[in-house]
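[1] A structural model of the following input is requested.
(chains A and B)
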Amino acid sequence: MSRSTFSALVIQVGFLAILGGAWYWSTATGSVSKLFLPEPAAVWLAFSRLVVTGQFWSAVRVTLTTIAQAYAIALIVGIAAGYLVSRSRFLIDVLEPFIAGLFTIPITLFFPMFILFFGIGTGSKVAYGASYAFFPIALNAIAAFANVETHFLRAARAMGASRWGTFRHVLVPSALPVLLNGMRIGFFICFASVLGGETLSSIAGVGRNIAQAAELMDSARMYAWIAFVVLTAITLNLLIGGLERRASVRGGGAW
Amino acid sequence: MDSKVQSFPTHDIAGRPLAISIRNVSQCYGQAGSAQAVVALDNVSLDIGRGEFVCLLGPSGCGKSTLLNIVGGLVAPSAGDVTVDGRSVRGEPLPRQVAFVFQESTLFPWYTILENFRIALKFQDIARSEWDSRALAALDAVGMAGFARHYPTQLSVGMRQRVNMARSICVGTDILLMDEPFAALDEQTRMVLGEDLSILLAKTGKTIVFVTHSLAEAVFLSDRIAVMTARPGRIKTIVEVNEAHPRSPDFMLEPRFSDLRNELYALLRNEIRQAVAAQRDPETGGEVSS
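    Numbering: from 1, shown residues only, chains lettered A, B, ... in the order given. Presented below is the predicted three-dimensional model:
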């Protein structure tokens, strides 16, 4: 470990320790209402009670399935649309600003419409998460496939590469780093949208349970759920970061 | 051989077999007759025999790279015909007959050197069992066998160009088209690579068309040098270099070498002035091009 990465780690750990200490201190001295911020021990107790219930795991299963479905749709539609648009300079000029423009509109404003069209069940959350995640994935796919170096394409053509060979060995590996970046952004937008959607209006899932705990003013329980979401997000971030590093080192694959 | 193939020239007037025949090729960009139209090549004809090393030499923007791309089928000519091994080429590459080396490295950075060779051989439909032996033999021939597992970005520019050369030789085509392959290298590396190329090619007997704007490179490597005019590109004259391959660096010290070099410079001087003037003033018909 180099000196700079070591000091970065020390600062990161120190920051977390200060945050935890502030939490502990502010609740221990009673300077913050327990209703707004329960003490760490109470949250830990609520968390350990929560994870042994069947209700916890069924909520987690509902949320994860919803995220997986929404993300799968966003990936397939986003990459396919991005690839097709990238094939023509004219289509890029017409559609790319359009997609980028739509992405700046908060789709949250249309959430009631999603409920109206897809119901209060998981369907509306799948559609909402997929719609939001579509944009960064499609935009990055356009950039990734449109910016393949022309001299690589020319070389492949001169070597007699088939269309599939060019796609498989030139376009995809060249596009991969930018494509993966879009996929990562898309995933976290999808994750946030599904949980947000569940919190706003739903009948099941992690977000619904957070909203319910808040309505019942059971703040220890609410923070326990939130802590679970934070831990999940951190784990997924590390996992995806690792995958991305591996892919950028080696863009190839099986022959 | 069917009748269609026979209708194209396969031998020159003296009866020697032809590798490449360029007949009245013109290339015009933009609407013909309009103010923006640029005539890159104007009625170029050239026959290249089997095993010959021909340089296309000319000022920047004279269309020499365009001519090479037309011969290789990467660009379709506006007018005229090109035949390679008696087969007509019109904007469709012939990967079995023709391999390219470009000015910039075209090694795919996402594959190792060995994988780059495999992919080139795969694109050429060469049996998988031959991939590694051919790749390693070609790398060995350019002294790069120790770098098979490296990625292109781990090599210097000169080493990369060496590997590009080896890859194009290893696919086993009879014809090699080289578009300023050493232009991005420093002069010393360029001289060493030129010598190596001369030795390598003497063994393979390939037909080479080599685009350059270096006078010394042209004299050192070529059997014949086609000197081109400033835009619109025409072949001004052909200069022959009678010296057997492989050529030793001592050739560069002979008076004959500097005589040829001076002759080429005399032929090119006005063309270069014209090309530079055209770049300064696009109204006179020139435009900056690489």
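
[2] which bits of chain A sit near chain B?
    Residues of chain A lying near chain B by Cβ under 8 Å from any Cβ of the partner chain: A:151-152, A:154-162, A:165, A:169-170, A:173-174, A:176, A:250-252, A:255. Where you see a C-beta, it was placed from the backbone N, CA and C, and this is true even at glycine.

[3] can you tell me which of the residues you listed are buried?
    A:152, A:154-161, A:169-170, A:173-174, A:176, A:251-252 (16 or more other Cβ atoms under 10 Å in any protein chain shown).

[4] against residue B:211, how distant is the residue in chain A that chain B sits nearest to?
    Residue nearest to chain B within chain A (Cβ to the nearest Cβ): residue A:160, separated by 2.8 Å. Using Cβ to Cβ, to the nearest Å, residue A:160 is found at 21 Å from residue B:211.

[5] what is the lengthiest helix in chain B packed up against?
    Longest helix in chain B, counting residues (DSSP state H): helix B:255-280. Counting contacts by 3 or more Cβ pairs under 8 Å, 6 or more residues apart in numbering or on different chains; DSSP states H and E, helix B:255-280 is packed against helix B:215-221, strand B:224-228, strand B:235-240.

[6] ok, 10 Å please
    strand B:53-57, helix B:215-221, strand B:224-228, strand B:235-240 (3 or more Cβ pairs under 10 Å, 6 or more residues apart in numbering or on different chains; DSSP states H and E).

[7] okay, buried residues for stretch B:182-196 please.
    Per 16+ other Cβ under 10 Å, stretch B:182-196 contains these buried residues: B:182-183, B:185, B:189-191, B:193-196.

[8] nope, stretch B:85-104 is what I meant
    B:85-86, B:88-89, B:93-95, B:97-104.

[9] and which of those residues is nearest chain A?
    So of these, ranked by how close each gets to chain A (Cβ to the nearest Cβ), first place is residue B:95, at 2.8 Å.

[10] run the chain-centre distance for stretch B:196-212.
    Relative to its parent chain, stretch B:196-212 has a centroid offset of 10 Å by Cα atoms, centre = their mean, to the nearest Å.

[11] where does pLDDT dip in the stretch 151-255 of chain A?
    A:248-255 (pLDDT under 70).

[12] and if we set it to 50?
    A:251-255 (pLDDT under 50).

[13] list the contacts of the closest residue to residue B:128 other than its chain neighbours.
    Using Cβ to Cβ, 6 or more residues apart in numbering or on different chains and skipping the chain neighbours, the partner closest in space to residue B:128 is residue B:122 (7.6 Å). By Cβ atoms under 10 Å, 6 or more residues apart in numbering or on different chains, the contact list for residue B:122 reads A:159-162, A:165, A:169, A:255, B:115, B:128, B:131.

[14] now do residue B:122, the pLDDT please.
    With respect to pLDDT, residue B:122 scores 92.

[15] repeat for residue B:284
    pLDDT, residue B:284: 51.

[16] tell me the contacts of residue B:237?
    B:225-229, B:263-264, B:267.

[17] distance of it from residue B:278?
    The span separating residue B:237 from residue B:278 equals 21 Å under the rule Cβ to Cβ.

[18] and stretch B:164-171, anywhere near chain A?
    Yes - for stretch B:164-171 and chain A, the contact criterion (Cβ under 10 Å from any Cβ of the partner chain) is met by B:164, B:167-168, B:171.

[19] can I get that stretch as CSV, trimmed to CA atoms?
    The C-alpha trace of stretch B:164-171 is given here as CSV (Å, rounded to 0.1, in the frame of the first residue of the first chain):
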residue,chain,number,x,y,z
ASN,B,164,2.1,-4.3,-36.8
MET,B,165,4.5,-5.2,-39.6
ALA,B,166,4.9,-8.8,-38.3
ARG,B,167,1.1,-9.2,-38.1
SER,B,168,0.5,-8.1,-41.7
ILE,B,169,3.3,-10.4,-42.9
CYS,B,170,2.0,-13.4,-40.9
VAL,B,171,-1.4,-13.4,-42.5
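
[20] how about the residues of the stretch 151-290 of chain B near chain A?
    B:151, B:164, B:167-168, B:171, B:173, B:177.

[21] tell me the one of these nearest residue B:49?
    residue B:177 (15.5 Å; Cβ to Cβ).

[22] pop out the phi and psi values for the closest one.
    phi -110, psi 120 (degrees, to the nearest 10).

[23] before we move on, what about residue B:243?
    phi -150, psi 130.

[24] isn't it up against residue B:202?
    No - judged on Cβ atoms under 10 Å, residue B:243 makes no contact with residue B:202 at a distance of 11.5 Å.

[25] related to what we said a few turns ago, would you list the contacts of residue B:237 in a markdown table and tack on pLDDT?
    Listed next are the contacts of residue B:237 as a markdown table, based on pLDDT from 0 to 100:
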| residue | pLDDT |
| --- | --- |
| B:225 | 93 |
| B:226 | 93 |
| B:227 | 91 |
| B:228 | 90 |
| B:229 | 87 |
| B:263 | 91 |
| B:264 | 91 |
| B:267 | 88 |
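
[26] greatest separation within those: which pair is it?
    Checking the contacts of residue B:237 with Cβ to Cβ, the most distant pair is B:229 and B:263, at 16.0 Å.

[27] look at these two and report which has more neighbours.
    Neighbours were counted for residue B:229 and for residue B:263 using other Cβ atoms under 10 Å in any protein chain shown; residue B:229 has more, 21 against 16.

[28] residues contacting that one?
    Residue B:229 touches B:42, B:58-59, B:62-63, B:235-237, B:267-268, B:270-271, B:274-275, counting by Cβ under 10 Å, 6+ apart.

[29] now do residue A:174
    Per Cβ under 10 Å, 6+ apart, neighbours of residue A:174: A:144-145, A:147-149, A:152-153, A:251, B:108-110.

[30] what's the answer for residue A:170, then?
    A:148-149, A:152-153, A:155-157, A:161, B:108, B:110, B:119, B:123.

[31] farthest-apart pair in those residues, please.
    For those, and using Cβ to Cβ, no pair is farther apart than A:157 and B:110, which are 17.9 Å apart.

[32] can you tell me the SS state at residue B:43?
    Three-state assignment for residue B:43 (DSSP: H, G, I helix; E, B strand; the rest coil): strand.

[33] what about it, how many neighbours?
    Residue B:43: 15 neighbours (other Cβ under 10 Å).

[34] equivalent analysis for residue A:228, please.
    19.

[35] what helix or strand is it on?
    According to DSSP states H and E, residue A:228 maps onto helix A:219-249.

[36] follow-up on the earlier one: from the residues of chain A next to chain B, which ones fall inside helices?
    Counting by DSSP H, the part of the residues of chain A next to chain B found in helices is A:151-152, A:154-158, A:165, A:173-174, A:176.

[37] so of the residues you listed, which two are at opposite extremes in space?
    A:158 and A:176 (23.1 Å).
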